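Visitor: Fold the following, please.
(2 chains)
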Amino acid sequence: MPKITYNTYDNQTHTIDVQNGLTVMEGAIQNDIPGIDADCGGGMSCATCHVYINDEWLDKLPEKEDGEEDMLDMAFEPKKNSRLSCQLIVSDKLDGLVVNIPSKQV
Amino acid sequence: MIKTDVLIIGAGPTGLFCAHQLGIIGLTCEIVDNLDKAGGQCIELYPDKPIYDIPAIPECTGEELTNNLLKQIKPFNVNFHLNQRVEELKKVENRWHVKTNNNKEFNVASIVIAGGVGSFEPRKFPVKECEKFEGNSVLYSVKDKTIFKDKIISIFGGGDSALDWAIELSNNSKVNLIHRRDGFSGMEASVQKVKELNDKGKINLYTKYQLESVAGEDKINSIKIKHDEGEVKEIKSDYVLGFFGLIMQLGPILDWGLNIDKKKVAVNTENFETNINGIFAIGDICSYPGKLKLILSGFHEGALAARGCFKYAKPDEKLRFEFTTTSKAAQERLGIKID
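Guide: As a prediction, this is how the structure comes out:
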């Protein structure tokens, strides 16, 4: 199973096996990783599953759809390496992905 | 104080249908919502997006769904109390006294929380000092546009609200429009208009910039904005407007002693009552094993919660199960003429 690493804002590191096909957001929710709210449940309509992607992974992820970029406008402190974790579907290609959780979601 | 059987918190589809179910069984209700209109997430987040999973309705938009629900509850003359949220809750003998932030008071037998993921509030600037100026020179909505005449306004955001206000206010004010990227989510025609006004010098457009800091005594007089690449610009500003959409916050409900985990209220699946007798929770805000965040699930939950409310409103009466096709009482309540 691919391993995804979630770094929380208070410098805790959680490395979790996440099943292929789940989203990075679902991996966090199912494992009670703090700091990802996902209020809308993965519908790309709330920007509360916002994460920052480590540089070395940024280009390896599938491109953002327009809707994701629009939603990120509404995120708390969006940066160039911002993504919505509900739009990142876990596969073997993402094994080892590291995401950083912002200080807050709202 | 308004006396009624049930107070519904939230005018989304779930709350509206619950009002219908209450009406059918002969109970009265009033609805409170923090938005300025009924419809909840359907109307605020996706009024034009088609929904495909409402039973027997192959396709409808959030707005159509809301309008149909409003039509469906019309016979019950339900009162809406919009633009306000519930603040205080007090148990008085066997009834609940509820007060909104608009000082409206209700005396009810039971409460149905149909609050979605909380009440909608504007998303604010992450810059801490903005709090100090909030409401005086940092604003998240426009109530009176005349205050901006001949002032310098810095507007942040890339959606329709930011674009529309930038265009509108550029008539009588000096407008800076600042957005975190080159692309905008607002309507293409508005984007073109803003670019035109920028070329004519009527709007100063700064893209790939975000707010870095604000400065001023009683009111803001200048702000610093920072480019993606690190460059910082200082610009004079009398007002700062932020349009980053809405977030949903649970608010005072958190302090009611409800069993809440991960922003969801735990309920039973028999009648969707919470750990507090007489308080029910339905729709996206409730949680139970197997919960699906679908509108259709919210309808089911509302139907059962309405029946759960009955014993609190009419403790001496027994509720009989009836169909609207055959029940004379239900048809009378619906205002249907029977020959």
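
Visitor: CA only for contacts and neighbour counts going forward, please
Guide: Will do.

Visitor: Which residue is the nearest non-sequential neighbour of the residue in chain A that chain B sits nearest to?
Guide: Scanning chain A for proximity to chain B using CA to the nearest CA identifies residue A:74 as nearest, at 4.8 Å. In space, and not counting its chain neighbours, residue A:74 is closest to residue B:244: 4.8 Å by CA to CA, 6 or more residues apart in numbering or on different chains.

Visitor: Could you do residue A:58 as well?
Guide: The shortest distance from residue A:58 to any residue other than its chain neighbours is 6.8 Å, reached at residue A:81 (CA to CA, 6+ apart).

Visitor: Spell out which parts of chain A neighbour chain B.
Guide: When proximity is defined as CA under 8 Å from any CA of the partner chain, chain A approaches chain B at A:37, A:39-41, A:45-46, A:70, A:73-77, A:79-80, A:106.

Visitor: Contact distance from chain A - what residues of chain B qualify?
Guide: Where chain B comes near chain A, counting by CA under 8 Å from any CA, the residues are B:45, B:117, B:123, B:125-126, B:157-159, B:180, B:184-185, B:228, B:244-247, B:262, B:293.

Visitor: for the least confident helix or strand in chain A by mean pLDDT, which positions count as buried?
Guide: Ranked by mean pLDDT, DSSP states H and E, the weakest helix or strand in chain A is helix A:66-72, scoring a mean of 89. Neighbour counts using 16 or more other CA atoms under 10 Å in any protein chain shown place A:68, A:69, A:70, A:71, A:72 of helix A:66-72 among the buried residues.

Visitor: Low-confidence ranges, the chain, go.
Guide: You didn't pick a chain, so chain A it is. Nowhere does chain A drop to pLDDT under 70.

Visitor: Chain B is the one I meant
Guide: Applying pLDDT under 70 to chain B picks out residues B:338-339.

Visitor: ok, the residue of the stretch 151-300 of chain B found nearest chain A - contacts?
Guide: In the stretch 151-300 of chain B, the residue that lies nearest chain A is residue B:244 (4.8 Å; CA to the nearest CA). If you count contacts by CA atoms under 8 Å, 6 or more residues apart in numbering or on different chains, residue B:244 has them with A:73, A:74, A:75, B:122, B:123, B:124, B:156, B:157, B:158, B:159.

Visitor: Around the fourth one, how many other residues sit close by?
Guide: Right, residue B:122. Neighbouring residues of residue B:122 were enumerated by other CA atoms under 10 Å in any protein chain shown; the total is 18.

Visitor: go on, the fifth one?
Guide: Taking other CA under 10 Å as the criterion, the count of residues near residue B:123 is 18.

Visitor: so it makes contact with residue B:241?
Guide: No - under the criterion of CA atoms under 8 Å, residue B:123 is not in contact with residue B:241, lying 11.5 Å apart.

Visitor: Overlap in contacts, the two.
Guide: Overlap of the contact sets of residue B:123 and residue B:241 (by CA under 8 Å, 6+ apart) is empty.

Visitor: What is the three-state secondary structure of residue B:307?
Guide: In three-state terms, and counting by DSSP: H, G, I helix; E, B strand; the rest coil, residue B:307 is helix.

Visitor: For it, give its distance to residue B:173.
Guide: Using CA to CA, to the nearest Å, residue B:307 is found at 56 Å from residue B:173.

Visitor: which residues does residue A:43 contact?
Guide: With contact set as CA under 8 Å, 6+ apart, residue A:43 has these partners: residue A:86.

Visitor: isn't there a strand covering it?
Guide: No - secondary structure of residue A:43, determined by three-state DSSP: coil, with no strand assignment.

Visitor: picking up where we left off before, what comes into contact with whichever helix or strand comes after the least confident helix or strand of chain A?
Guide: Next helix or strand after helix A:66-72 toward the C-terminus (DSSP states H and E): strand A:82-84. Strand A:82-84 is touched from outside by A:44, A:47, A:48, A:49, A:50, A:51, A:52, A:53, A:64, A:68, A:72, with contacts defined as CA under 8 Å, 6+ apart.

Visitor: And residue B:311, how far from chain A?
Guide: Per CA to the nearest CA, to the nearest Å, residue B:311 is found 33 Å from chain A.

Visitor: End to end on stretch B:169-179, go ahead and measure it.
Guide: The stretch stretch B:169-179 measures 17 Å between its terminal residues, going by CA to CA.

Visitor: Would you mind listing the buried residues in that stretch?
Guide: Residues B:169, B:170, B:173, B:174, B:175, B:176, B:177, B:178, B:179 are the ones in stretch B:169-179 that count as buried (16+ other CA under 10 Å).

Visitor: again, but for stretch B:114-123
Guide: Here stretch B:114-123 shows B:114, B:115, B:116, B:117, B:118, B:119, B:120, B:122, B:123 as buried, counting by 16+ other CA under 10 Å.
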